[in-house]
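In: Model the following, please.
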Amino acid sequence: MAEESLKFEDFLPSMADILSPEGLIEELCKGFHLLMDWRNGLITLESLERNAAILGLEGFREDELTEMVREGDLDGDGALDQMEFCILMVRLSPGLMHESKNIFEEE
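Out: Okay, here's the model as predicted:
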């Protein structure tokens, strides 16, 4: 039986249950800092390739990592700033998005 691999975003709903909203953002910021290029303060394709193993992404191909950066790059500069990274991580977590939708519907 093949084991299903877990990705960083799989843990976000659990983290959200345990942490306060501020604590979740703090943890996302820590993930950003692990992946960013310290010279420019952004996650680039190169920094993602270099640091991907830290978050269990070592099996991803260059085109998959390029797509991750492209998907999160809201301002079109070819890299992810901290806000873009946090938004991308929340968007990639269907469980967290579902919980957020329910919160807004209750208001």
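
In: what's the single longest helix in this structure?
Out: Once the chain is assigned using DSSP state H, the helix that runs over the most residues is helix 21-35.

In: immediately after that helix, which helix or strand?
Out: helix 45-51 (DSSP states H and E).

In: Quick one: mean pLDDT over that following helix.
Out: Mean per-residue pLDDT for helix 45-51: 91.

In: buried ones in the helix or strand following that helix?
Out: Proceeding N to C from helix 45-51, the next assigned helix or strand is helix 62-72, under DSSP H and E. By neighbour count on 16 or more other Cβ atoms under 10 Å, the buried set for helix 62-72 is 65, 68-69, 72. (Glycine included, C-beta is placed from N, CA and C.)

In: cool, and stretch 73-80?
Out: 73, 79-80.

In: what's that stretch in contact with?
Out: Here stretch 73-80 makes contact (Cβ atoms under 8 Å, 6 or more residues apart in numbering) with 32, 37, 40, 42-45, 69, 72, 81, 84, 87-88.

In: and that stretch, what's its mean pLDDT?
Out: 96.

In: Over to it now: how far is its first residue from its last?
Out: Distance across stretch 73-80, first residue to last, is 6 Å (Cα to Cα, to the nearest Å).

In: what's the spacing between it and its chain's center?
Out: 14 Å (Cα atoms, centre = their mean, to the nearest Å).

In: Next: stretch 68-78.
Out: With Cα atoms, centre = their mean, you get 12 Å for stretch 68-78.

In: Now do the end-to-end distance for it.
Out: 11 Å.

In: And for stretch 40-60?
Out: Stretch 40-60: ends 24 Å apart by Cα to Cα.

In: in that stretch, what's buried?
Out: Residues 42-45, 47-48, 51-52, 57, 60 are the ones in stretch 40-60 that count as buried (16+ other Cβ under 10 Å).
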